[in-house]
Structure formats: structure tokens, C-alpha cells
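Chemist: Fold the following for me, if possible:
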Amino acid sequence: MDNQELYKEIDLIQNCINRMAKNSFMVKGWALTIFAGVITISKMEVLNNLWLLICTVLVPYLAFWMLDAFFLHTERKYRKMYAWVIQERKRGNTEYQYDLNPERFKRTVGCMSCSFFSKTLLLFYGVPTVVIILLIIRLICLSCCLSLA
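Modeler: Residues are numbered from 1 along each chain as shown. Below you'll find the model as predicted:
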């Protein structure tokens, strides 16, 4: 195997890694936009309505978190593939040449929940989610107090 073939193969894998990183970045941007947009458009009324808060803020935010975790998990598999290709091509092994399916590396990067609860995603999505859940608890407590009175 010559160097040109190796460079082309790792370039293809690097393009996949870049695409996953770009998708993750875009998802974060959309999550922030929707989170801020819903709060702004509703003129803070969403913070006083339990079901509106859950449906318009919490559910989409959790969906974006899961989507971002998927992209991070896939990116990690491609990174493992990249390292594997470099190592194996140096040994002269041409098995799986130009195979861009990262599924054979899923055992080496851990489960999707590891990506879901990674440090970066936990900070980005976890803190606002905790704030939303605290608001939900506050609304439930307020509605219980009002119903008792």
C-alpha cells in the first residue's frame, strides 16, 4: 500500500469526523436558539405554565441533547477507526480498506449513554435542564399550594 492510498483513506475518515463535529456544533446552536426563542417569544409566560414549559422547552432540549450525544458517539467511533487504520496500514494490513462504517468500533468507545453524559454535553445541556426541572418543581409546588388554599 502506498502513502497516497493511505492519505486518501485517512482523509475520508477525517472528513467524517469533521462532519460529525460540525453537526454537533449546529445542534448546539439550534438548541440555544430554540431555548432562547421560546422564552423570548412567550414573554416569560412559558415559565408560569407547567405543560407549556415541558412541551416547548424541556422536551426539545432533551431531544437536542440526545441528537448531540449521537453525533459525539459517532465521532468517537470514527476517531477510533482513524487510529486503527493508521496502526494497521503501517503493519501492511489492508483489511477494511476504504470501509467507512464505524459500527465495528462501537465496543471500544463505550455506550451512547457515556457520550450523553460526557463532560462537555453535561455542562452544555445538563445545567439548563436542571434549571428547567427546578422551574417545573416550583410550578408544581405553587399549584399544590394554591389548590390547598
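Chemist: and K77, how many residues sit next to it?
Modeler: 23 (other Cβ atoms under 10 Å). Just so you know, the C-beta spots here come from the backbone N, C-alpha and C atoms, and that holds for glycine as well.
Chemist: what's the closest non-adjacent residue to it?
Modeler: Leaving aside its chain neighbours, K77 sits nearest to P102 (3.6 Å; criterion: Cβ to Cβ, 6 or more residues apart in numbering).
Chemist: which residues sit against stretch 137-149?
Modeler: N48, N49, L50, L53 (Cβ atoms under 8 Å, 6 or more residues apart in numbering).
Chemist: now do 6 Å
Modeler: Stretch 137-149 is contacted by residues L50 when judged by Cβ atoms under 6 Å, 6 or more residues apart in numbering.
Chemist: Same question for stretch 78-93.
Modeler: Taking Cβ under 6 Å, 6+ apart as the rule, stretch 78-93 contacts M1, L6, I10, I13, C16, I17, P102, F105, T108, V109.
Chemist: Out of the residues you listed, which end up buried?
Modeler: L6, I13, C16, I17, P102, F105, V109 (16 or more other Cβ atoms under 10 Å).
Chemist: tell me the phi and psi of T108?
Modeler: Dihedral angles of T108 (phi, psi; degrees, to the nearest 10) stand at phi -90, psi -20.
Chemist: The nearest residue to it once chain neighbours are set aside: neighbour count?
Modeler: Closest residue in space to T108, ignoring its immediate chain neighbours: K80 at 5.1 Å, by Cβ to Cβ, 6+ apart. Look at K80: counted by other Cβ under 10 Å, it has 17 neighbours.
Chemist: Let me know the helix or strand that K80 is in.
Modeler: Assigned by DSSP states H and E, K80 belongs to helix 59-90.
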